[in-house]
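> the following comprises the amino acid sequence and a computationally predicted model.
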Amino acid sequence: MAVAKFEIHYHQFLKPDGTLKQDLTKELRDPKRLIEWYRLMTLLRVFDTKAINLQRVGKLGTYPGVLGQEAVGVAIGQAMHKDDVLVPYYRDQGIQFQRGVDFSQILQYWGGDERGSDFNQAEDFPTCVPIANQNVIAAGVASAIQYRNEKRGVVTSIGEGGTSEGDFYEALNAAGAWKLPLVFVINNNQWAISVPTELQTHSQTFAQKAIAAGFEGEQVDGNDIIAVYERVRLALDKARTGGGPTLIEAITYRLCDHTTADDANRYRSKEALEKAWTLEPLIRLRHYLTSEKLWDAKKEEACLQDCRKIVDEEVNIYLNRPMAPITDIIDYMYAQCPENLKEQRQTLLQFGADILGSDHHG
Amino acid sequence: MAVAKFEIHYHQFLKPDGTLKQDLTKELRDPKRLIEWYRLMTLLRVFDTKAINLQRVGKLGTYPGVLGQEAVGVAIGQAMHKDDVLVPYYRDQGIQFQRGVDFSQILQYWGGDERGSDFNQAEDFPTCVPIANQNVIAAGVASAIQYRNEKRGVVTSIGEGGTSEGDFYEALNAAGAWKLPLVFVINNNQWAISVPTELQTHSQTFAQKAIAAGFEGEQVDGNDIIAVYERVRLALDKARTGGGPTLIEAITYRLCDHTTADDANRYRSKEALEKAWTLEPLIRLRHYLTSEKLWDAKKEEACLQDCRKIVDEEVNIYLNRPMAPITDIIDYMYAQCPENLKEQRQTLLQFGADILGSDHHG
Amino acid sequence: MAKITLVEAVTQALAYEMAHDEDVILLGEDIGLNGGVFRATEGLQARFGERRVRDTPLAESMIAGLTIGMAAQGLKPVAEFQFMGFIYPAFDNILNHAARLRNRTRGRLHCPAVFRAPFGGGIHAPEHHSESTEALFAHIPGLQVVIPSSPARAYGLLLAAIRSPDPVIFLEPKRIYRLVKQEVPDDGKALPLQKAFVLREGSDVSLISWGASMHETLQAAEALAKENIQAEVIDVATVKPLDLATILNSVNKTGRVVIVHEAARFGGIGAEIAAEIAEKSLLSLLAPIQRVTGYDTTMPYFKLEKLYLPSVARIVHAVKTTLEFA
Amino acid sequence: MAKITLVEAVTQALAYEMAHDEDVILLGEDIGLNGGVFRATEGLQARFGERRVRDTPLAESMIAGLTIGMAAQGLKPVAEFQFMGFIYPAFDNILNHAARLRNRTRGRLHCPAVFRAPFGGGIHAPEHHSESTEALFAHIPGLQVVIPSSPARAYGLLLAAIRSPDPVIFLEPKRIYRLVKQEVPDDGKALPLQKAFVLREGSDVSLISWGASMHETLQAAEALAKENIQAEVIDVATVKPLDLATILNSVNKTGRVVIVHEAARFGGIGAEIAAEIAEKSLLSLLAPIQRVTGYDTTMPYFKLEKLYLPSVARIVHAVKTTLEFA
Ligand SMILES: Cc1ncc(C[n+]2csc(CCOP(=O)(O)OP(=O)(O)O)c2C)c(N)n1
Ligand SMILES: Cc1ncc(C[n+]2csc(CCOP(=O)(O)OP(=O)(O)O)c2C)c(N)n1
Ligand SMILES: [Mg+2]
Ligand SMILES: [Mg+2]
């Protein structure tokens, strides 16, 4: 006797060749908007390339690229309202830069400086490196919003590999049980460092993990910015109006190494990579815009120039920001510095400058 | 576009009134077997009642009753082979006593004596009090069995409340990904101490949590020993022959307090309890056996007498077992006692006897 | 004024702060209708509603996550862990997030949360219900670890913990939940969070302890007094941040120290205190510092748990050892 | 014989034991084809197959659970945690099960498992990749905590850890993974698990350390030697069980002690060692024990992480402080 039935759906607007699979909603028919999205994805890609170069020349720490995942980040950034809250994982610079986090601060974070997380979007959480606990924290943020009866939504993200962590599931379960205004986005980029999805889980989709928590999970083509935008927008509307949580699995492919510390050639086949390049999000939207006569090579070149300029300026700001005072490592531990830390602060002052040596200008 | 579809099924043989919902398989048509099951459930209930009484008179510690859940424990115990492995939670005395764990040892465990877990079934895990980590450990046991290509299965259990823990889900996911010879049984007794299932999760069934891990989950009437036996047997067969894991949600009702330290009247309605009593597993099987002329009042009385005798003997063994040597608290920490513990052992010997005083006969 | 127990003082503090601050909200397993397994939240759901006293699903990591997320939003959540033995699934979130949020964001976000847990042995509880692992939390930078040992201190310290802008691990010695009653005015007055309490003055030896062991320590002091040995007794109370000044003052006066705690010895907070004394008051020390602690074993099941808990006899013996040292 | 690095010594030990014992199996994230993020398992999957070198799903609590379950079945699993900063989800299982299985079952089951994790700062790694929280594990009864500081000790101690019938937390100081090369014969010879190593003899002061800090400690000793101060240098190596005898021997000879560790000071293992010395060798002490440690702060991101790590200058300064003490 069947006592429960479930289906998982897949959403797509733009096919890989840039033609439409279904008609655009009225809202999306605005060409300015699509052009802006294309520009933002380009900007992100330019930034990403630059960041990796900075790392190669020793001016940045380990950095996780987003090559191939631009549509997801930009779409989420666009779908969110200013007063929604983002509780990201560590590969969400594509969302963050649209929410008032300067590229220079993103670089600062990955450049090993805590001040990179002291950014303008006051309620957003900083980059989260330990995997999956951002999701339970996001449930807490959503609970506070619910407690105060505010019409705001929370977005929290995770990689497909991260869905194997218990915290991911605990967050889903809490979101379902408490009907929280929370949107989970799984960035299924096919890889968790070197581990492919087949070794990660036996579930056919990642979207179906929401069934365990009793709410809707769905798949979306993560290379299709229109589809991602639309699904996240709907999920956020639902969240803000008391409809509870949604899980969205955005399917992409990580075209870069896991981070600059990784070498994907050790485990990834060339063929898979080549195939993935035919599906990536920028080409697709460019095809569409071009076919609609909204884009051409000249515009592309101008756009690139423009993006490079923006990024270069941000890089300059990053590179020229003075070091933090050395006592920063102590002064933000507590609102009030306890006695033993005061003592340690003296030691720090005594030895600090010498230790950092000439490379410190704090 | 639907990319995946799932159904959850519910299984039952014996209806609450003791009539058959579907024909018995040949194996189950053996009346001796059903009578034996009835006897085992009775024995368990007699033991359970006795244990609670022992606690009331100060001769046992906190004890978790199994009133209402006898069918699940006995059915699992019957379905398991001797060389399968049990990785239980804390309310599994109903399985344990069939696997060579003496009642006296079960009492010893709940009587605050580690020796209660030094039992005959050499590979079975001891009672697990922290919730849900038994499930990931069971995945490890199953992995070892798989590694050695043995045809053995592992059963691990959990309460429905425990399914909210991340470890439960991590274990499901590992079992799915590695196709482990593992059977998960959820004892859905409707309560996690005072928390009803509605507050625990928004999923309509607990069985569907397996969908998140990509393998089969199913519901079974946990008051129907025949159904539980049959489903666990099938799942174990599947496990032993390389078919991978199964999740079984056995639906019962906790007719007793959570433990002897709990008072369910604080949170449970009388009506719900009364209704649950009409569904409980012993009456149901007795009805069936009686209607088949396999049971009568005289047999019932003889059976009860017999069970009481067995239990009384075990209680005697428990009550008369000498205390452990006080150095036991140190001597089993490591295979070889490290130096600092040797020193502490001296202190223990110096003060130990005095501390325990006259109640110690070790 | 009625006298109340330590656990009632916890309830009283929670109720006071909830009545005065809408941002205070409670969450945990069985804390609602059931009032918590030790009844620390008894009556609070009836009084403040299900919105403010929330039964959570059974998942400690998630409880910690909820707490941190709420705190970052400016609420003042107080989470209950049913027993300290079940807090470890939350360890990651407490260590990686609660303790770090302020520093990580250079003050942009912070975590005004309280994580409550009953702890310690001696009540004949089942396995895992009797641990004392305060040292694990005290080693984590960014946390505060507070342990009351009387109803009045439970009340005042819990208020302080809830009001603290930084996270507090608030450990309640359940063995003494109902051991003594005290008049505790419900005046909303908090106690300071870096202050040890001198419970008894004396000049011969300093006895330093916290939590339930305070009681054996005080008993030992009384027994010693009968032999004309005057022990100074200090309740550390805020294990972190530690009020070292009060401790060193005492040691400089007495020259002899016995530290008593229920937790395992190796790497316990007793070691930190002894190390600090040995560094900062070495010349005052007339005898080696003695630690009377739990053994480096898993907390025994209850049949033998008494062996584990520091006894009056062990404390007295340790004092005599320091006194006899020449 | 070729000289190898510390991380190569780890690989060599794993390979040796896998070749000689079918029961040894490796599991962790990215340890297969990828050879681990630090390449500690490089080539082992190719050599021993996917059955014995298993990439797990991304879930540390589950990795610990798998490890414990396998160990209880008589296998000898060696689990890799990618960085110590990601071991905490496994904390519950390690503390509640790995550490307790033998005692809980009175010896019926036990847990011959190794939990490996690279740890410590100094390699310009991202947030959370640079922690040193050995004290958290060392406080847990039932565990052993082992930290090699040279290729030879990595090889011998890892063999010992795998062969130990009880669980070992094996922490690899990743800052020195490739710092020095040494000839390490692949002879399968294990080192003892409760033995500190005297790396340098001296009579003026005892320098006690472990892990990556050994290197600054040795450098400090050399710098001091130039000023005619002879430091005895001890590598604790097995933080737990601690070889106190070797430490006390040294202290009784020198009368002065500096303990160096990278972990936060409060409640670090330095405190335990200092407390033991102050108890057992009080009269030998000519000066207060100095601890040169990380600060009681979260490990800073890499721009400022050097500030946190004990430097040669700080060690030398601490030594002079003890020497100048009158
Ligand atoms: C709790 C935890 N475990 C391990 C790691 C190390 N780690 C960093 S990224 C990563 C793989 C994550 O893959 P996925 O979740 O798919 O996200 P992606 O990086 O592909 O976006 C691992 C194992 C970590 N950061 N946190
Ligand atoms: C990790 C953990 N958290 C909390 C507890 C305390 N606790 C013991 S039983 C229980 C409720 C469990 O309910 P359920 O899983 O439904 O099992 P049942 O007792 O109903 O069989 C709780 C919260 C625990 N033992 N372990
Ligand atoms: Mg991925
Ligand atoms: Mg239940």
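Looks like it came in fine. Ligands and ions are numbered 1, 2, ... in the order given.

> would the helix or strand bottoming out on mean pLDDT in chain A count as contacting chain C?
Least confident helix or strand, chain A: helix A:339-356 with a mean of 92, by mean pLDDT, DSSP states H and E. Yes. Interface with chain C: helix A:339-356 contributes A:339-341 (Cβ under 8 Å from any Cβ of the partner chain). In this view, the C-beta of every residue, glycine as well, is placed from N, C-alpha and C.

> again with stretch A:175-188
Yes. Stretch A:175-188 lies within reach of chain C by Cβ under 8 Å from any Cβ, at A:Ala177.

> what mean pLDDT does that stretch get?
On average, the pLDDT along stretch A:175-188 is 98.

> in chain C, which residue is closest to the centre?
In chain C, the residue lying closest to the centroid (Cα atoms, centre = their mean) is C:Ile147, at 1.6 Å.

> go on, chain A?
A:Asp92 (2.0 Å).

> so the closest residue to that one other than its chain neighbours, which of the three states?
Leaving aside its sequence neighbours, A:Asp92 sits nearest to A:Ser157 (Cβ to Cβ, 6 or more residues apart in numbering or on different chains; 5.7 Å). Judged by DSSP: H, G, I helix; E, B strand; the rest coil, the three-state class of A:Ser157 is strand.

> returning to that earlier point: surely the residue nearest to the centre of chain C meets C:Trp210?
Yes. Under the criterion of Cβ atoms under 8 Å, C:Ile147 makes contact with C:Trp210 at 4.9 Å.

> overlap in contacts, these two.
Common neighbours of C:Ile147 and C:Trp210, counting by Cβ atoms under 8 Å, 6 or more residues apart in numbering or on different chains, are C:236-237, C:239.

> domain assignment for chain A?
Domains of chain A are assigned by automatic domain parsing as A:10-319, A:325-362.

> report the separation between A:Tyr38 and chain D.
According to Cβ to the nearest Cβ, to the nearest Å, A:Tyr38 and chain D sit 31 Å apart.

> just confirm that residue contacts A:Arg284, I think it does.
No. At 10.1 Å, A:Tyr38 does not count as touching A:Arg284 under the criterion of Cβ under 8 Å.

> could you pull out the strands for chain A?
Under the criterion DSSP state E, chain A contains strands at A:2-11, A:85-87, A:154-159, A:182-188, A:191-192, A:195-196, A:217-221, A:246-251.

> can you tell me the closest non-neighbouring residue to the closest residue to chain C within the stretch 101-250 of chain A?
In the stretch 101-250 of chain A, the residue that lies nearest chain C is A:Gly140 (1.9 Å; Cβ to the nearest Cβ). Nearest residue to A:Gly140, sequence neighbours excluded (Cβ to Cβ, 6+ apart): C:Gly69, at 1.9 Å.

> specify the local secondary structure of that neighbour.
helix.

> what sits against the nearest residue to A:Trp110 once chain neighbours are set aside?
Nearest-residue entry for A:Trp110: A:Tyr63, 4.7 Å, with adjacent residues in sequence omitted and distances by Cβ to Cβ, 6+ apart. For A:Tyr63, the contacting residues are A:51-52, A:54-55, A:110, A:259-260, by Cβ under 8 Å, 6+ apart.

> let's have the residues you listed in CSV, adding pLDDT, neighbour count and distance to B:Val183.
Compiled in CSV, the contacts of A:Tyr63 are given as follows (pLDDT from 0 to 100; neighbours: other Cβ atoms under 10 Å in any protein chain shown; distance: Cβ to Cβ, whole Å):
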residue, pLDDT, neighbour count, distance to B:Val183
A:Ala51, 98, 26, 48
A:Ile52, 98, 18, 48
A:Leu54, 98, 20, 52
A:Gln55, 98, 20, 48
A:Trp110, 98, 27, 46
A:Thr259, 97, 19, 39
A:Thr260, 97, 20, 44
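
> how close does whatever residue of the stretch 1-150 of chain A ends up closest to chain D get to D:His129?
The minimum distance from the stretch 1-150 of chain A to chain D, using Cβ to the nearest Cβ, falls at A:Gly112 (3.4 Å). A:Gly112 sits 11 Å away from D:His129, going by Cβ to Cβ, to the nearest Å.

> so between these two, which is more surrounded?
The neighbour comparison of A:Gly112 against D:His129 (other Cβ atoms under 10 Å in any protein chain shown) goes to D:His129, with 26 against 20.

> where does the more buried one sit: helix, strand or coil?
With three-state DSSP as the criterion, D:His129 reads coil.

> that one and D:Gly85 touch, don't they?
Yes. Using Cβ under 8 Å, D:His129 is in contact with D:Gly85, at 5.7 Å.

> give me the neighbour count for C:Gly69.
Residues near C:Gly69, counting by other Cβ under 10 Å, number 33.

> looking at the contacts of A:Tyr63, which is nearest B:Ile355?
Proximity of these to B:Ile355 was ranked by Cβ to Cβ; the top entry is A:Thr259 with 56.1 Å.

> residue contacts, that closest one?
With Cβ under 8 Å, 6+ apart, A:Thr259 has these contacts: A:62-65.

> how near is it to chain C?
19 Å.

> which residue, other than its chain neighbours, is closest to whichever residue of the stretch 201-326 of chain C sits closest to chain A?
Closest contact between the stretch 201-326 of chain C and chain A, by Cβ to the nearest Cβ, is at C:Pro241 (3.5 Å). The shortest distance from C:Pro241 to any non-neighbouring residue, by Cβ to Cβ, 6+ apart, is to A:Pro338 (3.5 Å).

> same check on C:Arg178?
Nearest to C:Arg178 is C:Thr5, by Cβ to Cβ, 6+ apart, at 4.6 Å.

> the one you found touches C:Pro173, doesn't it?
No. Look at C:Thr5 against C:Pro173 with Cβ under 8 Å: they stay out of range, at 11.9 Å.

> so which residues of the stretch 1-150 of chain C form helices?
Taking DSSP state H, counting those that start in this stretch as the test, the helices found in the stretch 1-150 of chain C are C:6-20, C:44-48, C:60-72, C:91-93, C:101-104, C:134-138.

> residue contacts, the residue nearest to A:Gly140?
A:87, A:136-144.

> now those residues as JSON lines including pLDDT and neighbour count?
Output for the contacts of C:Gly69, formatted as JSON lines (pLDDT from 0 to 100; neighbours: other Cβ atoms under 10 Å in any protein chain shown):
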{"residue": "A:Val87", "pLDDT": "98", "neighbour count": "29"}
{"residue": "A:Val136", "pLDDT": "98", "neighbour count": "36"}
{"residue": "A:Ile137", "pLDDT": "98", "neighbour count": "30"}
{"residue": "A:Ala138", "pLDDT": "98", "neighbour count": "32"}
{"residue": "A:Ala139", "pLDDT": "98", "neighbour count": "31"}
{"residue": "A:Gly140", "pLDDT": "98", "neighbour count": "32"}
{"residue": "A:Val141", "pLDDT": "98", "neighbour count": "30"}
{"residue": "A:Ala142", "pLDDT": "98", "neighbour count": "33"}
{"residue": "A:Ser143", "pLDDT": "98", "neighbour count": "29"}
{"residue": "A:Ala144", "pLDDT": "98", "neighbour count": "24"}
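
> what about A:Lys275, neighbour count?
By the measure other Cβ under 10 Å, the count of residues near A:Lys275 is 11.

> how close does it sit to chain C?
In terms of Cβ to the nearest Cβ, A:Lys275 sits 37 Å off from chain C.

> for ligand 3, give me its nearest residue in the stretch 201-326 of chain C.
C:Gly267 (37.7 Å; Cβ to the ion).

> thinking again about what came up before, burial of the residue nearest to C:Arg178, as a residue count?
Counted with other Cβ under 10 Å, the neighbours of C:Thr5 add up to 18.

> likewise for A:Phe351?
For A:Phe351, using other Cβ under 10 Å, the count is 18.

> same check, this time on A:Thr241
A:Thr241: 11 neighbours (other Cβ under 10 Å).

> same check on A:Glu274?
Neighbour count for A:Glu274, taken as other Cβ under 10 Å: 9.

> sounds good, over and out.
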